[in-house]
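> The sequence isn't on hand, but the structure is:
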Ligand SMILES: [Zn+2]
């Protein structure tokens with residue numbers, strides 16, 4: 001059964017809505033009584049994105065046999081849901097590399 005709303009503490013049904021939070025958009029449920037509910041995991045994700053948005057990571061290039069390696073910082077891999085064994089695409093530019101998930 002599809003859930004269109006969430007039962008509010010007042011007894012009414014809170015409806016699915018969106019609200020802005022720290023510059024991101026948060027899915028939530030809003031009730032006509034003024035109460036709102038949100039998923040704490042989604043709040044945490046937006047908080048983390050915000051924290052990492054303008055942060056630069058300085059990483060050291062390592063080497064395994066003839067290949068150079070870099071380590072992805074845990075904050076980034078956790079945020080993006082990266083796991084060992086996942087495949088990503090690397091694009092080389094003259095001054096940078098891009099990794100596409
Ligand atoms: Zn309510």
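Structure's in. What do you need? Since the model is a prediction, treat every value here as computed from it, not as a measurement. Numbers count the residues shown, from 1 in each chain.

> Go through the chain and flag its longest helix.
Residue-count comparison of every helix in the chain, with assignments taken from DSSP state H, identifies helix 40-52 as the longest.

> for the record, mean pLDDT for it?
Throughout helix 40-52, pLDDT has a mean value of 84.

> what does the helix or strand hosting residue 90 contact?
For residue 90, the element it lies in under DSSP states H and E is strand 89-92. With CB atoms under 8 Å, 6 or more residues apart in numbering as the test, strand 89-92 has contacts from 97-100. In short, each C-beta sits where N, CA and C put it, glycine included.

> Can you lay out those as TSV showing neighbour count?
Formatted as TSV, the entries for these read as follows, by neighbours: other CB atoms under 10 Å:
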residue	neighbour count
97	9
98	10
99	12
100	7
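
> quick one: which two of those are the most distant?
The span of the contacts of strand 89-92, defined through CB to CB, is set by 97 and 100 at 10.5 Å.

> tell me which strands and helices the lengthiest strand in the chain is in contact with?
Using DSSP state E to define each element, the chain has its longest strand at strand 13-21. With contacts defined as 3 or more CB pairs under 8 Å, 6 or more residues apart in numbering; DSSP states H and E, the packing partners of strand 13-21 are strand 5-7, strand 24-30, strand 36-38.

> need the residues of this protein near the ion, please.
8, 10, 12, 31, 33, 35 (CB under 5 Å from the ion).

> need the contact list for the fourth one.
Residue 31 makes contact with 8, 10, 12-15, according to CB under 8 Å, 6+ apart.
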